[in-house]
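Undergrad: Please find the sequence and the predicted model below.
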Protein chains: 2
Amino acid sequence: MPQGQPLVVPDDGLTTRQRRNRPLVMVHTGPGKGKSTAAFGLAMRAWNQGWKVGVFQFVKSAKWRVGEQSVLEHLGRLHETEGLGGPVEWHKMGSGWSWSRKSGTDDDHAVAAAEGWAEIKRRLATETHDLYVLDEFTYPMKWGWVDVDDVADTLASRPGRQHVVITGRDAAPRLLEVADLVTEMTKVKHPMDVGQKGQRGIEW
Amino acid sequence: MPQGQPLVVPDDGLTTRQRRNRPLVMVHTGPGKGKSTAAFGLAMRAWNQGWKVGVFQFVKSAKWRVGEQSVLEHLGRLHETEGLGGPVEWHKMGSGWSWSRKSGTDDDHAVAAAEGWAEIKRRLATETHDLYVLDEFTYPMKWGWVDVDDVADTLASRPGRQHVVITGRDAAPRLLEVADLVTEMTKVKHPMDVGQKGQRGIEW
């Protein structure tokens, strides 16, 4: 892919370098494949730059994305043992958030999702990570477990240089408003259509 | 994301397990972000399953995807030193294919692209890898450097259990025909539209 050129150079008082390095809110939405996969690809790249990566999975099942989790945890270990890349934290709702005392016992996903977002807000305020992967985070917003306006306002006013990528279908318009980069993944053809179910190594 | 159920159960004489484990041809196309990123996310997942991963980058610049290359090479090293995951090979056209004697001297991208595809054909015939990432491979086909029908026929008749993911805009209809999974990445909103150029850690 050739390197792009901006269509317009905005009159925002920033230098090209300042503008280039503005932190991004990215949303991967739509019904197609690759929303989470691309977000974890971003996390790889961020790790390689030495960035502090925090992954927050808003999913019920603890088994979801085990492949990516395993890889990013190996990368986090390479950071600890050899000083390569950046540190990695991986938190998931499915088995109870690791920072929560109610770990493993909380069956109320609405409460768990709200707890997850509250923790992310604290981390954004203290600039804990350089890249936040909020995987499947559109769903708690869709289902009213997490307030979309609170998310949008928090993201729009976050301090420092923190990048955030949010994945999931049906991203709310208010979220797209504050996003810098929105990609919609559209399903053109899928093996499920011809009766083939997901398989190890491809889907997880 | 909930686990999907096939809409139809085909009358193809295969068991669910056989059908599930059929190797896939996947195409990530469209003008949006995440085509290559999602493919490299797939490569992470494949590595974690112990699969043999082969990446072939059909790009001119040797600097492209350095982040992903670095990460996958670290993972490949974890395989060699600790037996974790699978082996990784990363080849790119930009600096001359590593198996070619003309390395670094070939300025004819059409010839280099044809050489790359010829090598991939040989590897597919001998079942060298479990996952092939053919990054930006739609372009050599679009520009006529590699014959689309040859690619389609070769993929459709490849032996064994070899998965192939091809990325790039403007995938040819003939390629989409033989693909099992096609995702189109659509640009909804991009920082370039408001004058922000690509940045380290996000774009590379």
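TA: Yep, it's here.
Undergrad: Excluding sequence neighbours, find me the nearest residue to the spatially most central residue of chain A.
TA: Of all residues in chain A, the one closest to the mean position by Cα atoms, centre = their mean is A:Val133, 2.2 Å from it. Nearest residue to A:Val133, sequence neighbours excluded (Cβ to Cβ, 6 or more residues apart in numbering or on different chains): A:Val55, at 4.4 Å. Where C-beta positions appear, they are placed from N, C-alpha and C, glycine not excepted.
Undergrad: If that neighbour is in a bridge, with which residues?
TA: Per DSSP bridges, residues listed as beta-bridge partners of A:Val55: A:Trp90, A:Val133.
Undergrad: pretty sure it is touching A:Pro87, no?
TA: No: contact criterion Cβ atoms under 8 Å: A:Val55 and A:Pro87 do not qualify, at 11.7 Å.
Undergrad: I'd like the next helix or strand past the lowest-mean-pLDDT helix or strand in chain A.
TA: Taking mean pLDDT, DSSP states H and E as the measure, the helices and strands of chain A show their lowest mean at helix A:16-20, namely a mean of 65. Using DSSP states H and E, the helix or strand that follows helix A:16-20 towards the C-terminus is strand A:25-29.
Undergrad: packing partners for that following strand?
TA: Helices and strands touching strand A:25-29, as assessed by 3 or more Cβ pairs under 8 Å, 6 or more residues apart in numbering or on different chains; DSSP states H and E, comprise helix A:35-48, strand A:163-167, helix A:173-178, strand A:181-189.
Undergrad: Dump that strand to PDB, keeping only the CA atoms.
TA: What follows is strand A:25-29, C-alpha atoms only, in PDB (Å, rounded to 0.1, in the frame of the first residue of the first chain):
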ATOM      1  CA  VAL A  25      -9.700   6.200  19.200                       C
ATOM      2  CA  MET A  26     -10.200   3.400  16.800                       C
ATOM      3  CA  VAL A  27     -13.400   1.400  16.300                       C
ATOM      4  CA  HIS A  28     -13.600  -1.900  14.400                       C
ATOM      5  CA  THR A  29     -17.300  -2.700  13.800                       C
END
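Undergrad: what about it, average pLDDT?
TA: When the per-residue pLDDT values of strand A:25-29 are averaged, the result is 95.
Undergrad: Put together a markdown table for the helices and strands packed on strand A:25-29, with mean neighbour count and mean pLDDT on each row.
TA: Formatted as a markdown table, the entries for these read as follows, by neighbours: other Cβ atoms under 10 Å in any protein chain shown; pLDDT from 0 to 100:
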| stretch | mean neighbour count | mean pLDDT |
| --- | --- | --- |
| helix A:35-48 | 27 | 92 |
| strand A:163-167 | 26 | 97 |
| helix A:173-178 | 15 | 95 |
| strand A:181-189 | 22 | 86 |
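Undergrad: Dump those into TSV; add distance to B:Ser157 as well.
TA: Listed next are those as TSV, based on distance: least, Cβ to Cβ, whole Å:
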stretch	distance to B:Ser157
helix A:35-48	28
strand A:163-167	36
helix A:173-178	43
strand A:181-189	19
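Undergrad: Good, wrapping up.
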